[in-house]
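Participant: Quick one: sequence and predicted model below, then my questions.
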Amino acid sequence: MRPGLVRLRRTSIGFALGLVALGLTATVARAQSEDQIKAAFLFNFARYVEWPDAAFSSGSTPVRICMAGADDFASIVSKAVGGKSVGDRAVEVASGVGLEDAGTCHILYVGAGLEAGADVVASSVSGGHVFTVADREGFAASGGIANFIRADNKVRFEINPDAAKQAGLKISSRLLRLAKVVE
């Protein structure tokens with residue numbers, strides 16, 4: 001093969017690999033930014049949901065956002081809400097929480113690593129005041145309180161107000177206006 005063709009071929013292969021790498025980088029960045037958006041939503045759920053006094057053991061008890069089956073996402077949420085508070089309450093993130101400990105949470109995010117359905121999650125927190133959230137089709141319609149969805153290439157959420165009411169939670173009308181309401 002002639003030296004000019006070899007150089008052209010190498011340059012073309014390098015260019016193609018660069019485009020593939022750029023595409024993968026964009027995909028990873030998009031996934032990270034999507035997770036950061038979801039983390040911001042979790043914090044805003046804490047801001048726009050009202051828990052009864054019985055959900056806190058004292059006036060200084062933090063708002064607990066728990067991660068079940070979502071250890072990688074937990075670090076993103078921790079960075080997003082680190083040092084923040086809701087009213088006079090600090091916000092803390094707990095990872096590796098199982099359903100047996102879900103009653104100690106104020107917000108429970110159910111990740112892909114936990115295979116339990118919305119009905120199992122709802123029954124595990126029954127009697128507690130836990131705002132359950134997932135990123136699964138049909139979660140809110142099946143008894144969960146909130147679910148992340150994608151619409152028009154954006155992260156959105158749906159809320160089941162009846163499930164929230166059963167958990168003794170009041171959701172701000174400002175939050176409901178942004179949500180797709182499911183029953």
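Facilitator: Yes, it's here. Residues are numbered from 1 along each chain as shown.
Participant: got a pLDDT number for His129?
Facilitator: Per-residue confidence (pLDDT) for His129: 95.
Participant: Ala16 too?
Facilitator: 35.
Participant: Which element, helix or strand, includes the residue nearest the centre of the chain?
Facilitator: The centroid of the chain falls nearest to Lys38 when counting by C-alpha atoms, centre = their mean (4.6 Å). Applying DSSP states H and E as the criterion places Lys38 in helix 3-48.
Participant: any residues touching the very next helix or strand once past that helix, and which ones?
Facilitator: Per DSSP H and E, the first helix or strand lying C-terminal to helix 3-48 is strand 49-50. Residues outside strand 49-50 that contact it (C-beta atoms under 8 Å, 6 or more residues apart in numbering): Ile107, Phe131, Ala164, Leu169, Lys170, Ile171, Ser172, Leu175. (Each C-beta comes from the backbone N, C-alpha and C, glycine too.)
Participant: Flag every buried residue along the next helix or strand after strand 49-50.
Facilitator: Downstream of strand 49-50, the next assigned helix or strand under DSSP H and E is strand 63-68. For strand 63-68, a neighbour-count test (16 or more other C-beta atoms under 10 Å) marks Val63, Arg64, Ile65, Cys66, Met67, Ala68 as buried.
Participant: likewise stretch 122-137?
Facilitator: Under 16+ other C-beta under 10 Å, the buried positions of stretch 122-137 are Ala122, Ser124, Val125, Gly128, His129, Val130, Phe131, Thr132, Val133, Ala134, Asp135, Arg136.
Participant: Ok, stretch 82-99 next?
Facilitator: Neighbour-count burial for stretch 82-99 [16+ other C-beta under 10 Å]: Val86, Arg89, Val91, Val93, Ala94, Ser95, Val97, Leu99.
Participant: can you check stretch 68-81 too?
Facilitator: Buried, per 16+ other C-beta under 10 Å, within stretch 68-81: Ala68, Gly69, Ala70, Phe73, Ala74, Ile76, Val77, Ser78, Ala80, Val81.
Participant: thought Gln36 was touching Ile76?
Facilitator: Yes. Assessed by C-beta atoms under 8 Å, Gln36 is found in contact with Ile76 at 6.2 Å.
Participant: wait, what's in contact with the closest residue to Val97 other than its chain neighbours?
Facilitator: Excluding the flanking residues, the one nearest Val97 by C-beta to C-beta, 6 or more residues apart in numbering is Cys66, at 4.1 Å. Contacts for Cys66 (C-beta under 8 Å, 6+ apart) come out as Val93, Ala94, Ser95, Val97, Asp101, Ala102, Thr104, Cys105, Ile107, Leu108, Tyr109.
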